[in-house]
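**Q** sequence plus the predicted model coming up.
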Amino acid sequence: MKRQAYKTTRIAGYDAGHVSIRGKDLVRELMGKVTFGEMIFLHLTGTLPSRRQVTILDAVLVTIMEHGLMPAAIASRLTLYGAPESFQGAIAAGLLGVGDRFAGTASECARLLEPLARAPERKRAGLARAVVKSHRDRERPIPGFGHPVHRRLDPRVARLLAIVKSASAQGNHLRALAALEREVRRQLRKKLVTNVTAAIAVALGEAGVPARAVRGIVLTARCAGLTGHLLEEMDQPLAATMHAAIEGIIRYEP
């Protein structure tokens with residue numbers, strides 16, 4: 001009889017007396033000894049982060065956790081209003097609304113910056129030029145630039161990038177963003193504000209988080225933010241007022 005071929009996972013395993021995560025004993029090596037940020041990094045990469053890396057990751061989680069009454073929070077509140085027994089459903093509804101218009105562009109910006117950061121300095125300007133031209137030719141917005149509220153300056157950007165620099169980051173993603181900013185100004189012939197999603201892409205890149213994991217980090221932070229909205233909804237309901245407002249301004253037209 002042919003032996004069955006087994007697949008393996010390096011994430012986690014357990015038996016009757018132990019739980020292991022990324023090769024470390026959960027009880028003896030992790031619980032009470034690492035922070036949540038350190039645990040996230042270990043879980044993603046298989047290695048514990050340096051102090052520099054966890055400082056940057058924690059700053060990103062704080063920066064992106066809360067966005068106010070944006071569509072994701074509204075969806076969570078309205079879902080809880082309609083299905084008060086389903087807290088997890090309300091969280092899921094909100095997370096499904098974290099996309100390219102609100103918060104989700106950090107992952108797209110990270111995908112643009114990653115090859116620029118890896119490129120030799122002499123090639124970076126040309127790659128940035130091609131990225132901006134490609135987006136302009138397709139009439140697509142450039143992720144990480146422009147903001148409907150912070151039109152002149154996104155106050156979060158300078159602070160987050162300052163934290164990255166003070167953590168003695170390597171700097172390749174910072175230089176990649178600078179090259180992209182120069183090309184955006186040159187080709188658009190105006191200064192389009194660099195927004196917080198670009199700063200998040202840079203910060204996570206400097207911390208060693210792969211671009212393909214960036215949206216997961218954003219969603220992790222937003223999950224905590226949505227939890228706060230739902231707890232407030234239970235104590236100080238807004239969803240019924242939102243629902244009534246919608247009914248008041250939208251009419252059926254056969």
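**A** Sure, I can see it. Just so we're clear, the structure is a prediction, and the values are computed from it rather than from any experiment. Numbers count the residues shown, from 1 in each chain.
**Q** so where is this protein shaky, pLDDT-wise?
**A** Regions of the chain meeting the criterion pLDDT under 70 cover residues 1-2, 102-104, 147-148, 150-151.
**Q** recalculate using a threshold of 80.
**A** 1-5, 99-104, 146-152, 168-169 (pLDDT under 80).
**Q** where do the helices sit along it?
**A** For the chain, the helices defined by DSSP state H cover 36-45, 51-64, 71-82, 87-96, 105-118, 121-137, 155-166, 172-188, 196-206, 214-235, 239-249.
**Q** and of those helices, who's closest to residue 19?
**A** helix 36-45 (13.0 Å; Cβ to Cβ). Using the backbone N, CA and C atoms, a C-beta is placed for each residue, glycine as well.
**Q** so which of the helices of the chain is the most packed in?
**A** helix 196-206 (a mean of 28; mean count of other Cβ atoms under 10 Å).
**Q** on that earlier part again, save the helices of the chain as JSON lines, and put in distance to residue 4 too.
**A** Listed next are the helices of the chain as JSON lines, based on distance: least, Cβ to Cβ, whole Å:
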{"stretch": "helix 36-45", "distance to residue 4": "28"}
{"stretch": "helix 51-64", "distance to residue 4": "39"}
{"stretch": "helix 71-82", "distance to residue 4": "43"}
{"stretch": "helix 87-96", "distance to residue 4": "35"}
{"stretch": "helix 105-118", "distance to residue 4": "37"}
{"stretch": "helix 121-137", "distance to residue 4": "46"}
{"stretch": "helix 155-166", "distance to residue 4": "48"}
{"stretch": "helix 172-188", "distance to residue 4": "44"}
{"stretch": "helix 196-206", "distance to residue 4": "39"}
{"stretch": "helix 214-235", "distance to residue 4": "32"}
{"stretch": "helix 239-249", "distance to residue 4": "51"}
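**Q** which of the ones you listed sits closest to residue 9?
**A** The closest of the helices of the chain to residue 9 is helix 36-45. By Cβ to Cβ, the value is 12.1 Å.
**Q** neighbouring contacts of the closest one?
**A** 11, 21-22, 24, 30, 34, 47-49, 53-54, 57-58, 61, 207-210, 213, 216-217, 220 (Cβ atoms under 8 Å, 6 or more residues apart in numbering).
**Q** what does stretch 95-110 give?
**A** 64, 67, 70-72, 75, 143-144, 195-198, 200-201, 204-205, 211-212, 214-215, 218-219, 222-223, 226.
**Q** give me that answer again for 6 Å
**A** 70-72, 75, 143-144, 197-198, 200-201, 211, 214-215, 218-219, 222 (Cβ atoms under 6 Å, 6 or more residues apart in numbering).
**Q** show me which pair in these is furthest apart.
**A** Maximum distance among the contacts of stretch 95-110 (Cβ to Cβ): 26.4 Å, for 75 and 211.
**Q** show me the contacts for the residue lying closest to residue 132 once chain neighbours are set aside.
**A** Sequence neighbours aside, residue 183 is the residue nearest to residue 132 in space, at 4.4 Å (criterion: Cβ to Cβ, 6 or more residues apart in numbering). By Cβ under 6 Å, 6+ apart, the residues touching residue 183 are 128, 129, 132.
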